[in-house]
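Chemist: Build me a structure from this.
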Amino acid sequence: MSGYEPRDGQRRMAGAVAEVVADGGTLIAEAGTGTGKTLAYLIPAILSGHRVLVSTGTKNLQEQIFYKDLPALQEALGRPFTATLMKGRGNYLCLHRWQIYKDGVGGDVAQGPRLIEVGDRTFLPIVDAWSKTTETGDRAELRDVPEDLSMWKEIGADADSCLGSQCPRYGDCFVTLMRQRAADADVVIVNHHLLCADASVRQGAYGEVIPASPTLVVDEAHQLEDVATQYFGIGFSNSRVDDLVRDGARLLASQPFGDKDEEVHRALARVADRNRTFFAALSSAPVFRNSGPERRARYTAAAIADYFEDGMMLAGALEGLEATLALLNRAGDGRPRLAEQARQDGVRRPGAVQRTGPSDEDITEEAATLQRRAGELRTDLRILMAADDDDYVYFVESRGRTLVMRASPIDVSRIISTAIFDRFRTTVLTSATLAIEGGFGYLKGRLGIRQADELCVASEFDYRTQALLYLPKRMPPPKAPNFTEAAGRETIQLLHRSRGRAFVLFTSYAVLRGVQQFLEMSLPYPLLVQGTVPRSALIEQFRTTPNAVLLATSSFWQGVDVVGEALSCVIIDKLPFAAPGDPVTAARIEAINAAGGDAFSDYQVPLAILGLQQGLGRLIRHRTDRGVLAVLDPRLKTMGYGRRFLASLPPAPVTSDLDAVARFFM
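Modeler: Here you go, the predicted structure:
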């Protein structure tokens with residue numbers, strides 16, 4: 001490989017992976033930044049001759065492996081192998097939904113369909129041209145449209161609205177083609193969201209998403225618990241109900257059903273009305289008073305009792321809609337299914353693929369899908385209203401206009417172990433941050449790992465010469481009213497010495513906004529702030545803007561790579577302890593303490609250590625990088641547990657002298 005540098009840690013890890021792939025079992029391997037862990041697990045896995053499934057925590061790493069690492073190995077190994085990239089179905093264009101959306105009711109791209117939002121019309125020609133040439137349907141190919149393109153929720157391959165094998169576009173569906181490629185591939189690259197989604201559907205009646213494989217590699221394994229917590233729970237939101245009502249209205253608009261129309265319209269209207277009433281009441285619940293725009297409030301069955309009648313009326317309306325939609329199903333009984341017939345014939349029937357208007361058969365299948373969705377919503381709502389499973393924590397979450405009722409498992413270790421790991425002969429878990437004080441006990445407990453080989457490979461970087469850790473001499477406690485002001489002043493001092501070129505990472509939006517006010521008044525460098533533009537665009541702006549300073553919260557603590565002088569300083573305001581008032585965190589603290597453990601020492605501190613390691617890990621990404629790591633939280637020096645954090649950080653020199661920071665940058 002061109003430019004390859006032999007690395008002892010990489011060779012040790014590759015040897016350990018080769019052994020566990022040959023013998024079976026589990027390997028936990030922490031590989032510090034710069035080890036080259038991707039090649040360390042890919043090469044022995046590929047050379048084993050068996051299919052390997054690689055799951056990453058981020059789409060960025062997924063794409064790096066598929067588009068950069070695997071092509072390089074195709075050439076270097078001299079051994080042919082096939083590979084494919086699998087993402088969640090929402091990343092792919094649904095040709096059936098796209099046709100319906102584009103056409104609207106008698107509209108076309110040039111005229112601007114009646115059902116399409118005005119703001120999206122600019123991007124319609126771009127998406128339309130792309131839809132005719134793309135081979136994958138992956139929205140990541142759409143570089144010229146915003147990440148938050150509102151029309152995508154209408155045209156993406158959403159699981160709720162999928163018609164499956166009865167879809168008229170099943171033969172050339174991008175999700176279908178993706179799964180066919182994966183079934184024949186030697187290396188399948190997925191992400192943790194899809195890995196958990198696959199495990200979830202395997203528990204039900206929907207088969208599988210990812211093809212079987214003897215070997216699983218979990219990269220960025222520190223993220224798996226959080227993703228599993230999301231996927232193995234239940235969620236019911238006002239937007240899910242709104243989507244159901246909208247799709248039902250479009251079904252009737254596309255092809256009227258005569259005397260059944262009015263009954264379906266009334267059922268849809270009842271659901272929409274009950275949905276508004278129930279969630280309006282829930283949003284004004286006492287637990288939400290005096291809280292910010294993104295709110296999470298825990299509830300019990302007793303706490304939800306005041307809204308029980310409204311919730312049951314919504315469940316009843318959904319049940320009524322479910323029954324009414326069955327009328328449309330029966331309207332098509334006995335008719336041949338075009339898509340099914342095409343599939344049996346083994347050909348793509350031009351009528352099934354090319355036509356723009358829905359047939360009676362399509363309408364019947366869409367009615368069946370809507371009926372299923374109404375039934376699932378009704379069931380989920382009743383489970384969430386009952387809130388009677390002690391293994392789950394129940395909470396309501398507000399994000400903008402969307403309100404979600406959720407039930408999340410308190411402990412996912414058994415679920416991860418049985419639903420994911422037990423399906424594989426070999427499992428490799430790796431990341432730059434897995435060990436706490438040199439051991440893997442915390443990770444094994446959280447992921448349900450009973451026995452594993454263990455390997456800890458130090459970073460290839462020389463932190464003693466490449467980095468400096470700065471801890472302020474004096475800072476008020478994080479809860480002190482003057483902490484934000486002190487953090488702002490300290491940040492300004494550091495940024496003047498680093499000449500910008502910094503990430504300033506926060507544990508809360510409140511402190512971010514407060515520090516932002518200080519920086520806007522006195523900082524001579526370009527200031528970029530999370531939320532002003534999409535994440536990828538913000539990172540690109542940072543890379544290309546000299547002396548830029550980026551202010552961001554948790555989503556920028558992981559999976560962001562900026563190599564070179566553009567990023568020469570990372571400043572973190574506080575130790576990233578999970579908020580004890582967060583419903584899931586609070587429930588886990590209670591469970592650990594109830595079982596006789598020490599939740600703070602055994603759970604909260606280790607979790608925060610991993611978070612801090614990830615945040616500081618943004619800085620040194622290459623042998624030639626140099627930079628200052630700054631943590632403004634005084635608890636690193638004033639609290640006993642601060643020693644545990646310091647012991648887990650890179651072995652860089654420590655200073656509290658701003659002049660030393662200035663000299664470092666000379």
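Chemist: Below-threshold pLDDT in the protein: ranges please.
Modeler: The chain contains residues with pLDDT under 70 at 104-120, 203-207, 255-259, 287-294, 328-364, 559.
Chemist: which parts of the longest helix anywhere in it are buried?
Modeler: As assigned by DSSP state H, the longest helix anywhere in the chain is helix 360-386. Going by neighbour count (16 or more other C-beta atoms under 10 Å), the buried part of helix 360-386 is 361-371, 373-378, 380-381, 383-385. Any C-beta I mention is one placed from the backbone N, CA and C, and that applies to glycine too.
Chemist: Now do the contacts for the residue nearest the centre of the chain.
Modeler: Nearest to the mean C-alpha position of the chain, by C-alpha atoms, centre = their mean, lies residue 193 at 6.3 Å. Applying C-beta atoms under 8 Å, 6 or more residues apart in numbering, one finds that residue 193 lies in contact with 88, 227, 231.
Chemist: From residue 604, how far out is it?
Modeler: 25 Å (C-beta to C-beta, to the nearest Å).
Chemist: just residue 468 next, same as before
Modeler: 28 Å.
Chemist: circling back: neighbouring strands - and their directions - for the helix or strand following the longest helix of the chain?
Modeler: Going down the chain from helix 360-386, the next helix or strand is strand 392-399, by DSSP states H and E. In the sheet, strand 392-399 lines up against strand 294-298 (antiparallel), strand 402-409 (antiparallel) (DSSP bridges).
Chemist: For residue 590, find the nearest of those strands.
Modeler: strand 294-298 (10.5 Å; C-beta to C-beta).
Chemist: contacting residues around the closest one?
Modeler: For strand 294-298, using C-beta under 8 Å, 6+ apart, the contacting residues are 285, 287-288, 291, 393-399, 582-583, 586-587.
Chemist: Residue 39: which of the residues you listed is nearest?
Modeler: residue 582 (37.4 Å).
Chemist: Tell me how many other residues crowd that closest one.
Modeler: 15 (other C-beta atoms under 10 Å).
Chemist: try the one 5 residues further on
Modeler: Residue 587 is flanked by 20 other residues according to other C-beta under 10 Å.
Chemist: Where does it sit, in terms of helix or strand?
Modeler: Residue 587 belongs to helix 583-594 when assigned by DSSP H and E.
Chemist: Identify the residues contacting that helix?
Modeler: Here helix 583-594 makes contact (C-beta under 8 Å, 6+ apart) with 229, 296-298, 393-395, 408, 410-411, 578-580, 598-600, 602-604.
Chemist: Can you tell me how far the closest residue to residue 472 other than its chain neighbours is from residue 649?
Modeler: Nearest non-adjacent residue to residue 472, counting by C-beta to C-beta, 6 or more residues apart in numbering: residue 490, 5.4 Å away. Remark: distance between residue 490 and residue 649 (C-beta to C-beta) = 19 Å.
Chemist: So for the two, which sits in the more crowded spot?
Modeler: Neighbour count, other C-beta under 10 Å: between residue 490 and residue 649, residue 490 has more, with 22 against 19.
Chemist: what about the more buried one, which helix or strand?
Modeler: Residue 490 belongs to helix 483-498 when elements are defined using DSSP H and E.
Chemist: Then residue 633?
Modeler: In the assignment (DSSP H and E), residue 633 maps to no helix and no strand.
Chemist: what's the neighbour count on it?
Modeler: 25.
Chemist: who does the helix or strand residue 278 falls within touch, helix- and strand-wise?
Modeler: If you go by DSSP H and E, residue 278 is part of helix 261-283. Packing contacts for helix 261-283, counted by 3 or more C-beta pairs under 8 Å, 6 or more residues apart in numbering; DSSP states H and E, involve helix 238-254, helix 308-331, strand 402-409.
Chemist: So residue 468 and residue 604 - more neighbours on which side?
Modeler: residue 468 (22 against 19).
Chemist: Now the more buried one. Its backbone dihedrals?
Modeler: Dihedral angles of residue 468 (phi, psi; degrees, to the nearest 10) stand at phi -140, psi 130.
Chemist: Is it bridged to anything, and to what?
Modeler: Beta bridges link residue 468 to residue 628 when assigned by DSSP bridges.
Chemist: can you pull the contacts of it?
Modeler: Residues near residue 468 by C-beta under 8 Å, 6+ apart: 627-629, 652-653, 655, 660-661, 664.
Chemist: how about 10 Å then?
Modeler: 569, 626-630, 652-655, 660-661, 663-665 (C-beta atoms under 10 Å, 6 or more residues apart in numbering).
Chemist: circling back: show me how far the helix holding residue 490 is from its chain's centre.
Modeler: Chain-centre distance of helix 483-498: 32 Å, with C-alpha atoms, centre = their mean, to the nearest Å.
Chemist: And it, what does it pack against?
Modeler: The contact analysis (3 or more C-beta pairs under 10 Å, 6 or more residues apart in numbering; DSSP states H and E) places helix 483-498 against strand 467-470, strand 502-505, helix 509-522, strand 549-552, strand 569-572, strand 627-631, helix 658-664.
Chemist: and with 7 Å instead?
Modeler: On a contact count with 3 or more C-beta pairs under 7 Å, 6 or more residues apart in numbering; DSSP states H and E, helix 483-498 meets helix 509-522, strand 569-572, helix 658-664.
Chemist: Show residues contacting that helix.
Modeler: Here helix 483-498 makes contact (C-beta atoms under 7 Å, 6 or more residues apart in numbering) with 472, 475-477, 502, 504, 511, 514-515, 518-519, 522-523, 525, 549, 568-569, 571, 573, 628, 630, 632, 658, 661-662, 665.
Chemist: what angle do that helix and helix 509-522 make?
Modeler: Counting by axes from the mean of the first three to the mean of the last three C-alpha atoms, to 10 degrees, helix 483-498 lies at 50 degrees to helix 509-522.
Chemist: List the buried residues in helix 483-498.
Modeler: Under the neighbour-count criterion of 16+ other C-beta under 10 Å, helix 483-498 has 483-484, 486-488, 490-498 buried.
Chemist: and of these, the nearest to residue 53?
Modeler: Nearest to residue 53 among those: residue 498, at 41.6 Å, using C-beta to C-beta.
Chemist: quick one: the closest residue in space to that closest one that isn't next to it in sequence from residue 512, how far?
Modeler: The spatial neighbour of residue 498 that comes closest, neighbours along the chain excluded (C-beta to C-beta, 6+ apart), is residue 569 at 3.9 Å. Taking C-beta to C-beta as the measure, residue 569 falls 17 Å from residue 512.
Chemist: Between these two, point out the one with more neighbours.
Modeler: A count of neighbours by other C-beta under 10 Å puts residue 569 above the other of residue 569 and residue 512, at 26 against 21.
Chemist: In contact with the more buried one, which residues are there?
Modeler: Residue 569 makes contacts with 494, 498, 501-502, 627-628, 630, as judged by C-beta under 7 Å, 6+ apart.
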